[in-house]
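In: My questions are about this predicted structure, shown below with the sequence.
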Amino acid sequence: MRYKCVFSGSGGQGSALLAKLVCQAAIVDKLKVVMSQTYGIEQRGGDSTAFVIVSDQPIGNPLVEADGNLGIALSASTYGTCLASMGNEGQLFYNSSLIKSEIEKPGLTQVPLKASDIAIEVAGTPRGLNLVMLGAAVAATKFLKVETVEEVIRETIGHKKAALLDSNLASFRAGLDKA
Amino acid sequence: MPEETLFLKNTETFAESMVRCGVRFHFAYPITPASDVMKHSAVILPAFGGRMVQMESELAVANALAGCACTGRLGATSTSGPGMSLMQETISFMAGAELPCLMLDSMRVGPGDGDIIGAQSNYFQATRGGGHGDYRVIVLALDSGQSAVDLMPTAIKLAYTYRTPVLFVMDGVTAQMTETSTFPEPHDYASEFDTSGWRYTGTKDHPKRFLLTGSYTHSQGYELNERLRAKYEIIKEKEQRWEAWGLEDAELLIVAFGIQGRMVRELAARMREEKKKVGYIVPITLWPYPDKAFEKLPKELKRVLVVEMNHGQMLDDVRLAVNGRAPTSFLGKTGGDTPLCTLAEIKAEAERLLEA
C-alpha cells in the first residue's frame, strides 16, 4: 500500500499537526513515512501544505507530484493547491463549512464535510476541525488503524495540553461517524 | 542505548548520527537549510560529554575546526553554500596540514546568496577542492537521513585513515524532509584511531611538531604536494563507492546522486516493469568519483542521461568516465517552488531518449 497524502490549511487550522499525527500513527503501525512541507518566507496565518507519504515498502520518490491519492483541504484559500497536488484517483476530503463550491477533477472522489460546524457541535469550538477531517479520512480509507490514531492523539495532545484531549478525541470520533 | 528508530528531520538525523558515532565538538554558524543540525546537536551533545559551539562567523567555525583537529579530536561543522564558501581558506589549510574533520554542506541555490531552497549547486565546489591549491576532500552524497546514519562510521574512518576533511553533501530539500531512520547502538568510532604520532600534545615527551602548509624551501612545497598526490591516488583506487543496477543490458543508463538518485532507483524499477531497458549508477562518493562503475558499460547502451538539481556539474565527471563510448544527455534545474526534476519529468525524458 502507498498513500500519498496532501494536507492543506491556513495558519492555525492544524494541517501541520494533522500531518504529524498521521506520521506518528503510521510509524506505530510499522509503516515507512516521509513528510515534507512547503517552506520559505512564511507568515503567521499564512497558507501551508504538508505532504506525507505512507507506505509498507521503502519510499523512493519522496515527492507528491500531482499524484496524491488522499487529500484533506481545511480552508477555501488552500483548496486549489490541495486539488492541484492530487492525482486522478483517490479521495479528497474538504471542509465544506468554508469551501463553498467544489471544483471537479475527473477520476477523483471528493467528499464534502462540514468539519468546522461538526467541531463546534461536539466540542464547542471549531478548532478540532482538523481531527474531524482526519476521522472521516481514516474511516473511509482505513489507511491507519483507528485505535492507533487515538493512541497517538492521546500521546501528542494529552501530553502537552491535557485539558484539550477530550474535545480533540470527540472531534476525531465525530469525523469517524460522519464518514 | 539499544537500536532505535526515530522520526526526525534529516538535518536532525545527521546531528544524531554524528554524535552517536563519536563527534563531541560541533562548531557552526546558523544558515538555512542547515541550522537544524546545530540546534539539535546543541541539545543532545552535553549528555555525551560534548558541546555545540556557535561561533561568530563561518571563518571562526573553520578555524575552530582546524584547532580541534590539531589536538587529534574529531570536530564537525554544518553549513550551506555561502557559509561553505567562507570556510574554504581553512579547508585548504586542513587538506595541506592533513587534518581530519567532518563537514555537512546542506546545499541551497547559488550563486551568491541565491535562495534558501534546496539545490545540488555545490558539486563543483565540493569535488574540486573548493579552496586554492592541488587538493581534494572526500565527498559523500546523502539522499536520506538513513544514508547519513549508514555512512557516518565510514566517514569517520576515512577522515582518520587518510587524515583529511570529509564532506557530506545533502540537498536542502532532503535536509528539510522528516522521515524515519533506524540508529544502531551508539559507538565512539572517533576515539578508536591513534593520533599520538602527529597531534599537538606539548613537547614534554617528544620533539617539536609541525602541522604547517607553508614551506621554508621550494623543495618542501614539492614534497608536500607529492605526499598529497600519493595519498589521493590511494583514495581514488580504494574508496570509490556507488550503487549500480540493470547494467547487464541497459539501453539507457541514468546517473544521478542524492535525492535525484533516490528517485531514479524507483523510476528504473518502474520502467523495467514496462519492459524498458533502463539501468542506473548512483554515486555515493562524489570524490573520488566512481569511475570504476563505468568500466563495463552494456553493449546495448544507446545513451546516458545525467539528472541533477543544477545546470550540469556532475555531468563533466560522467563524460570523463564514459569517455565517448555513448552520447550523454542532461536534465536538470535549480531553484523554483519544486527545485528538482520530478519523477514524471525524468520519465518523460527517459522515454524520449529511448525512442530517439
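Out: Here it is on my side, so go on. Numbering: from 1, shown residues only, chains lettered A, B, ... in the order given.
In: Can you report how many residues neighbour the residue lying closest to residue B:134 once chain neighbours are set aside?
Out: Excluding its sequence neighbours, the residue lying closest to residue B:134 (C-beta to C-beta, 6 or more residues apart in numbering or on different chains) is residue B:225, at 5.7 Å. For the C-beta atoms, the positions are set from N, CA and C on the backbone; glycine is no exception. Residues within reach of residue B:225, counting by other C-beta atoms under 10 Å in any protein chain shown, total 15.
In: secondary structure element for residue B:225?
Out: Per DSSP states H and E, residue B:225 falls inside helix B:218-238.
In: Grab the CA positions of that helix and hand them over as PDB.
Out: Provided in PDB are the C-alpha atoms of helix B:218-238 (Å, rounded to 0.1, in the frame of the first residue of the first chain):
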ATOM      1  CA  HIS B 218      61.000  25.200  -2.500                       C
ATOM      2  CA  SER B 219      61.600  21.500  -2.100                       C
ATOM      3  CA  GLN B 220      59.300  21.400   0.900                       C
ATOM      4  CA  GLY B 221      56.400  22.600  -1.200                       C
ATOM      5  CA  TYR B 222      57.200  19.900  -3.800                       C
ATOM      6  CA  GLU B 223      57.400  17.200  -1.100                       C
ATOM      7  CA  LEU B 224      54.100  18.300   0.400                       C
ATOM      8  CA  ASN B 225      52.300  18.000  -2.900                       C
ATOM      9  CA  GLU B 226      53.900  14.700  -3.800                       C
ATOM     10  CA  ARG B 227      52.800  13.300  -0.500                       C
ATOM     11  CA  LEU B 228      49.300  14.500  -1.100                       C
ATOM     12  CA  ARG B 229      49.200  13.200  -4.600                       C
ATOM     13  CA  ALA B 230      50.300   9.700  -3.400                       C
ATOM     14  CA  LYS B 231      47.500   9.800  -0.800                       C
ATOM     15  CA  TYR B 232      44.900  10.900  -3.300                       C
ATOM     16  CA  GLU B 233      45.900   8.100  -5.700                       C
ATOM     17  CA  ILE B 234      45.300   5.600  -3.000                       C
ATOM     18  CA  ILE B 235      41.900   7.100  -2.100                       C
ATOM     19  CA  LYS B 236      40.900   7.000  -5.800                       C
ATOM     20  CA  GLU B 237      42.000   3.400  -6.000                       C
ATOM     21  CA  LYS B 238      40.400   2.100  -2.800                       C
END
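In: what about it, distance to the chain center?
Out: Relative to the centre of its chain, helix B:218-238 is centred 21 Å away, using C-alpha atoms, centre = their mean, to the nearest Å.
In: partners of the helix or strand just after it, with directions?
Out: Of the helices and strands lying after helix B:218-238 in sequence (DSSP H and E), the nearest is strand B:242-245. Within its sheet, strand B:242-245 is paired with strand B:278-283 (antiparallel), according to DSSP bridges.
In: per-residue confidence averaged over stretch B:82-97?
Out: Confidence over stretch B:82-97 (mean pLDDT, whole number) is 97.
In: So which bits of chain B are right by chain A?
Out: Residues of chain B found near chain A (C-beta under 8 Å from any C-beta of the partner chain) are B:5, B:7, B:116-117, B:173-174, B:176-180, B:259, B:262-263, B:265-267, B:269, B:337-338, B:340, B:342-344.
In: let's see it at 6 Å
Out: Within reach of chain A by C-beta under 6 Å from any C-beta of the partner chain, chain B has these residues: B:7, B:177-180, B:262-263, B:265-266, B:342-344.
In: What's the PyMOL syntax to select whichever of those residues are buried?
Out: In PyMOL, a selection of the buried entries from the residues of chain B next to chain A looks like this (16 or more other C-beta atoms under 10 Å in any protein chain shown):
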select buried, chain B and resi 7+177+178+179+180+262+263+265+266+342+343
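In: The residues of chain B next to chain A in strands, which ones?
Out: Among those, the residues falling in strands (DSSP state E) are B:7, B:178-180.
In: And these, which is closest to residue A:94?
Out: Nearest to residue A:94 among those is residue B:178, at 24.9 Å by C-beta to C-beta.
In: element containing the spatially closest residue to that closest one that is not a sequence neighbour, please.
Out: In space, and not counting its chain neighbours, residue B:178 is closest to residue A:35: 4.3 Å by C-beta to C-beta, 6+ apart. Element membership of residue A:35 [criterion: DSSP H and E] is strand A:32-37.
In: Helix, strand, or coil at the residue in chain A positioned nearest to chain B?
Out: In chain A, no residue comes nearer to chain B than residue A:60, which is 2.8 Å away by C-beta to the nearest C-beta. Under the three-state scheme (DSSP: H, G, I helix; E, B strand; the rest coil), residue A:60 adopts coil.
In: doesn't residue B:264 make contact with it?
Out: No - the pair residue A:60 / residue B:264 is not scored as a contact, 8.4 Å apart, by C-beta atoms under 6 Å.
In: Name all residues that make contact with residue 131.
Out: Reading this off chain A. Counting by C-beta atoms under 6 Å, 6 or more residues apart in numbering or on different chains, residue A:131 touches A:168, A:171-172.
In: The chain in question should be chain B.
Out: B:88-89, B:91-92.
In: What of residue B:258?
Out: B:120, B:141, B:143, B:171.
In: if you set the cut-off to 7 Å instead, what comes out?
Out: Contact analysis of residue B:258 by C-beta atoms under 7 Å, 6 or more residues apart in numbering or on different chains lists B:120, B:141-143, B:170-171, B:174.
In: separation between it and chain A?
Out: According to C-beta to the nearest C-beta, to the nearest Å, residue B:258 stands 11 Å off from chain A.
In: quick one: pLDDT of that residue?
Out: Looking at residue B:258, its pLDDT reads 98.
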